[in-house]
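> Quick one, fold the following:
(chains A and B)
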2 protein chains.
Amino acid sequence: MSEGFFDSRWVERPAHVAEAPDERLPLGFRASGVAAGIKPSGGLDLGLLVSDAPASVSAARFTRSGVLAAPVLVTQERCRLDAIRAVAANSGNANAATGRPGLDEAARMQGAAAMAAGAETERTAVASTGVIGVQLDGQAIVRGLLGASRELSPDGAPAFAEAIRTTDAFAKQATLDVELPSGTVRVCAQAKGAGMIQPSFATMLCFVQTDAHLEPETADLLLGVCVKRSFDRISVDGQLSTNDTALLLASGSSGVKVEPESEDELRLGEALDALLRQLALLIVRDGEGSKRIGRVVVRGGHQPGVEAVARAVANSPLVKTALHGGDPNWGRIAQAVGAALPGTAPLPLDIAIEGVQVCTAGMALPFDQDALNAAVTRDEVEYVIGLPGDGAETEVFFSDLGHEYVTINAEYTT
Amino acid sequence: MSEGFFDSRWVERPAHVAEAPDERLPLGFRASGVAAGIKPSGGLDLGLLVSDAPASVSAARFTRSGVLAAPVLVTQERCRLDAIRAVAANSGNANAATGRPGLDEAARMQGAAAMAAGAETERTAVASTGVIGVQLDGQAIVRGLLGASRELSPDGAPAFAEAIRTTDAFAKQATLDVELPSGTVRVCAQAKGAGMIQPSFATMLCFVQTDAHLEPETADLLLGVCVKRSFDRISVDGQLSTNDTALLLASGSSGVKVEPESEDELRLGEALDALLRQLALLIVRDGEGSKRIGRVVVRGGHQPGVEAVARAVANSPLVKTALHGGDPNWGRIAQAVGAALPGTAPLPLDIAIEGVQVCTAGMALPFDQDALNAAVTRDEVEYVIGLPGDGAETEVFFSDLGHEYVTINAEYTT
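Numbers count the residues shown, from 1 in each chain, chains lettered A, B, ... in the order given. Purely as a prediction, here's the structure:
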C-alpha cells in the first residue's frame, strides 16, 4: 500500500495523527508470535501480548452470536474486562462448538498465557480463530506459549499480527503517533478477518494498544463508539462469527493522561476512529477474493428501516456479484430495498451510484451508461439510497462476491 | 429427468396422482408462447393462457416486496383475483421500478391480453420477469399478444412454459391426472425461477390450471396452503423478487365438483401439494449454477426461532459454498445458527448431516469422516438441527453456491 495506511477515500487521517516511523509497540507493551503447530501449514499461529504496566486498563467487545466460542466465554466470564493486560490469541482453530472440553482448553490457555506473560490470570484474555468444531490441542498451545514468552519484544507487533491471520491475504496493522494537547501517545492495532464477517460490533479479532493513560470508563467509551462506526458497519458475507473479539489495552506508560471529556479524549477518539475505520475497510478489501469495496449509504425513514435496507443491499449476492462484475445493475439494489421493507409498496425510492442518479421516486431515470460503467469498475463504489422521510442515516461497507470467494470457501475447510 | 417428474426423495407422488400421457392442458384451457422481441436472444418471451369457461375461479399470491413491479400492482388492484381466467406473462423485462409509465404499460398489457384471450379485462392477470428498471416495450407486447392469440391451443403449455423462462436452465412444468372419488381431473403447472429466489410465499412465477370445479374459497385455501409448503420454503440466494406471482385457475370444465371439506378436496390438495413441492425443488435445483440441493430441518424452540435458524443456514454463503464443494463443514452451520439466535449462548445445539450426528448439546462428536464425506457429495443433502425445547419445526430447501452463480450474476445484467 504505497499510499500508506489511510488509503481509502472514506477515511480521513486526522491532522494530528501520523504513521509512526517504526513498528514499535506503545510504551509498556511487548508482543510475539510463534508457530505452535495449530495451523497445518506450520506458519505463525499463536500470539502473545502483554502490558508490563500493572495500572493498565482495558475495554472489550465480543460477538453476540448464540454459539459463543470457548475463549469468548472464558474471557467474558473469568476476566476483569476493564483491567486486561495480557492477551493470547491463536489462529487455525476457533475452539468453538467444542463443549466442556473446549472450555477446559480455553481456561488452560488462559492460565498458561498468564504465566507466559507474567500477568494475573484474571487480567489475561484469550482469543481464537480458525476452524469450528475441532478440539484445540492444549499441549501445543502451552508449549507454544513458552516459546512466545521468550520472544516477547517491543518490536513484536508484526509477528503477533501475522500469528492471528487465517484466510487473510495480508496482515492488518498500524502504528500511529497521535499528538494530543497533553503530549504524544502511540496507538497500535492488529486485526484479522476476511471471511465470516458481519460483526455485530467487532471484527473477528482486533487488538489495540496505547501508552496513553486512560480511565477504564474512557477506554470503554472510546472502544464502544469507534467499534460502532467501524467493525459494526462492515460485511464480507453477512456471517456473524462465533469468536469476534475487540480489545483496547492502555498501559499509561507514556505518562500522558487523557481525562474524561477533555480535548485529549476528543483527539484520541478521532485517531482511534480513523484507525478502526481503516482497519475495517482493510478487512472488507480482504474479503476472501474481493476485488472491489462498496459503500451503501441509506438516508430517510427511520433507523430500523435504514439499517435493514443497508444490510439487505450489502449482503445481497446479486448486488455483490454485480459489484464484482463492474455492472451498474441498480435493479438488484431496488430488489434488495423492496425485500428489506415488505408491505411498503409503492416505495418512492431514490438510488444514486457514484453520484449518478439512476432512480427517483421509484422510477428509472435515463443516465449516461458509459460514464456509469466506468465509475463502477473503480476500487471503491458508492451507492446512495434515499427513502421517504428523513432523520435516519446509516452506512455499510461491503466486499464483492467473485469466483475466489467460492474457490476459497468451497475447496477448503476453514 | 428419466425418473419422471417426482424425482426428489423429499416429495412423494400420492398414489392417486399420475403423470399424464400427454401435455394437453386441463379441459377448458388454451395457451401459447411467442417471441415478442422482449428478450434480446429472440427466444419465446410472451405467454398467453386462457380458460374458455366463463365460470372459472382463481386464487393468487404475490410477492410482499416493498418495491412491487407494475404488473403485480395492476393485477392486485385491477383484477378480480377470485375470477381470473386469462393471464399474459412476459420474460426479458420485469417492468419493475418503472414508475407511472410502467404502470401504464402493465395496464396496456392487461387490456391487450383481455382482447387477445377474449376475456374480461378485470379477469385478466399480467405478470413479468426479467431485468428491473427498464421500460417495457408496450408496442412489442401488443403485437406479440396478437400473435399469441392466434396460436392459443390446448397443447400450448410447453410453449407457454418456455416463454416465461429467464435464466432458467430448463422449463419447469407438469401435467398430472388426479383421481378423485368424484372423477378424474387434470392439473397442469408451469413455473419459472432460478435466481432472485426467496419467495415469501411464491416463486417468481407459477401458473396452475385444473379442470376441476372449485369454489373460489377452495381455490384460495388450496393455493395458500400448498404455496406455504412449497415456494415459501425455498431459497436460491435469499433474494425476494419484485415480481413473484402464483396463480391457480380452475375451469370446472371436467364437470368434477370438488366440495369444501370433502374427500375430493383432500385428494386434490395432496396432488397440488406434491406438484408445487416438486416444482419448488426444481427451482432450487436450477438455482443459477446449482449442483446440489440442501434441505435444512430445524426442530425445537419456538416458530420464529426455527424460521430464523433455517433461513440463516439456507442463506449462509459459507454453508452454500461448503455444500457446493461437498464439504461436511458443520462448523459453518453452528456459526449460522448462533448468528440467528444472538444472546442465547451457550446454546445446546444438535446437528446431524445425512443422519450422522456431528454435534450434540453444542459439542463436536467424533464421526466417520469418510462416510460423511461421501454422503455430502450426493445430489440432495439433508441437515437436521435440534434446538432446546420442542413444539416448533420447519424446513427450507436451498441451492449451493458455486462458480456458475458468480459467472451468471457477475457477467450478465439479469
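
> only C-alpha atoms for contact and neighbour calcs from this point on.
Will do.

> Which residues lie in contact with residue A:35 in this structure?
Counting by C-alpha atoms under 8 Å, 6 or more residues apart in numbering or on different chains, residue A:35 touches A:42-46, A:144, A:163.

> Let's see that with 10 Å instead.
A:41-47, A:90-91, A:140-141, A:144-145, A:147-148, A:163 (C-alpha atoms under 10 Å, 6 or more residues apart in numbering or on different chains).

> Show the buried residues in those.
Among those, those scoring as buried are A:43-47, A:90-91, A:140-141, A:144-145, A:147-148, A:163 (criterion: 16 or more other C-alpha atoms under 10 Å in any protein chain shown).

> between the residues you listed, which is nearest residue A:104?
Taking C-alpha to C-alpha as the measure, residue A:104 lies nearest residue A:141 of the buried ones among the contacts of residue A:35, at 12.7 Å.

> My guess is the closest one contacts residue A:92. True?
No. Judged on C-alpha atoms under 10 Å, residue A:141 makes no contact with residue A:92 at a distance of 11.5 Å.

> for residue A:55, what are its contacts?
Contacts for residue A:55 were tallied using C-alpha under 10 Å, 6+ apart; they are A:83-85, A:213-214, A:250-253.

> Now narrow those to whatever sits close to chain B.
Of the residues in these, proximity to chain B by C-alpha under 10 Å from any C-alpha of the partner chain holds for none.

> Need these in JSON lines (columns: pLDDT and neighbour count).
JSON lines is the format used below for those (pLDDT from 0 to 100; neighbours: other C-alpha atoms under 10 Å in any protein chain shown):
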{"residue": "A:83", "pLDDT": "94", "neighbour count": "22"}
{"residue": "A:84", "pLDDT": "95", "neighbour count": "30"}
{"residue": "A:85", "pLDDT": "95", "neighbour count": "33"}
{"residue": "A:213", "pLDDT": "96", "neighbour count": "22"}
{"residue": "A:214", "pLDDT": "95", "neighbour count": "24"}
{"residue": "A:250", "pLDDT": "95", "neighbour count": "32"}
{"residue": "A:251", "pLDDT": "93", "neighbour count": "28"}
{"residue": "A:252", "pLDDT": "94", "neighbour count": "25"}
{"residue": "A:253", "pLDDT": "93", "neighbour count": "22"}
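
> Show me how far stretch A:70-87 is from its chain's centre.
18 Å (C-alpha atoms, centre = their mean, to the nearest Å).

> End to end on it, go ahead and measure it.
Start-to-end span of stretch A:70-87 (C-alpha to C-alpha, to the nearest Å) is 15 Å.

> Could you do stretch A:50-70 as well?
21 Å.

> With stretch A:31-40 instead?
23 Å.

> Return the set of buried residues in it.
A:31-39.

> May I see these organised as a markdown table, with pLDDT and distance to residue A:136 added?
Shown next, in a markdown table, are those (pLDDT from 0 to 100; distance: C-alpha to C-alpha, whole Å):
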| residue | pLDDT | distance to residue A:136 |
| --- | --- | --- |
| A:31 | 96 | 22 |
| A:32 | 98 | 20 |
| A:33 | 97 | 18 |
| A:34 | 98 | 16 |
| A:35 | 98 | 15 |
| A:36 | 98 | 12 |
| A:37 | 96 | 11 |
| A:38 | 95 | 8 |
| A:39 | 91 | 11 |
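
> Pick the one among these closest to residue B:96.
residue A:39 (49.7 Å).

> so after the longest helix along chain A, what's the next helix or strand?
Using DSSP state H, we find that the single longest helix of chain A is helix A:263-285. Downstream of helix A:263-285, the next assigned helix or strand under DSSP states H and E is strand A:293-299.

> Show me what the helix or strand just after that following strand is packed against.
Following strand A:293-299 in sequence order, the next helix or strand is helix A:303-314 (DSSP H and E). When contacts are defined as 3 or more C-alpha pairs under 10 Å, 6 or more residues apart in numbering or on different chains; DSSP states H and E, helix A:303-314 sits against strand A:234-235, strand A:293-299, helix A:317-325, helix A:331-340, strand A:380-386, strand A:393-399.

> The fourth one vs strand A:380-386, what angle?
Meaning helix A:331-340. In terms of direction (axes from the mean of the first three to the mean of the last three C-alpha atoms, to 10 degrees), helix A:331-340 departs from strand A:380-386 by 50 degrees.

> about what we covered before: using CSV, please lay out the buried residues of stretch A:31-40 together with secondary structure.
Output for the buried residues of stretch A:31-40, formatted as CSV (DSSP: H, G, I helix; E, B strand; the rest coil):
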residue, secondary structure
A:31, strand
A:32, strand
A:33, strand
A:34, strand
A:35, coil
A:36, coil
A:37, coil
A:38, coil
A:39, coil
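
> list the contacts for the residue lying closest to residue A:132 once chain neighbours are set aside?
Closest residue in space to residue A:132, ignoring its immediate chain neighbours: residue B:331 at 4.5 Å, by C-alpha to C-alpha, 6 or more residues apart in numbering or on different chains. Under the criterion of C-alpha under 10 Å, 6+ apart, the neighbours of residue B:331 are A:94, A:96-97, A:131-134, A:242, A:413-414, B:318-319, B:337, B:351, B:358-359, B:364.

> hmm, which of those residues are the buried ones?
Among these, those buried by neighbour count (16+ other C-alpha under 10 Å) are A:94, A:96-97, A:131-134, A:242, A:413-414, B:318-319, B:337, B:351, B:358-359, B:364.

> Residue A:362 contacts residue A:334, doesn't it?
Yes. Look at residue A:362 against residue A:334 with C-alpha under 10 Å: they come within range, at 8.3 Å.

> of the two, who's got more company?
Ranked by neighbour count (other C-alpha atoms under 10 Å in any protein chain shown), residue A:362 and residue A:334 place residue A:334 first, with 31 against 24.

> hmm, back to that, shared neighbours, residue A:141 and residue A:92?
Joint contacts of residue A:141 and residue A:92 (C-alpha under 10 Å, 6+ apart) are A:37-38, A:45-46.

> would a markdown table of those with distance to residue A:186 be doable?
Compiled in a markdown table, the shared contacts of residue A:141 and residue A:92 are given as follows (distance: C-alpha to C-alpha, whole Å):
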| residue | distance to residue A:186 |
| --- | --- |
| A:37 | 33 |
| A:38 | 32 |
| A:45 | 26 |
| A:46 | 24 |
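
> Format those as TSV; extra columns: distance to chain B.
What follows is the shared contacts of residue A:141 and residue A:92, written out as TSV (distance: C-alpha to the nearest C-alpha, whole Å):
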residue	distance to chain B
A:37	21
A:38	17
A:45	20
A:46	21
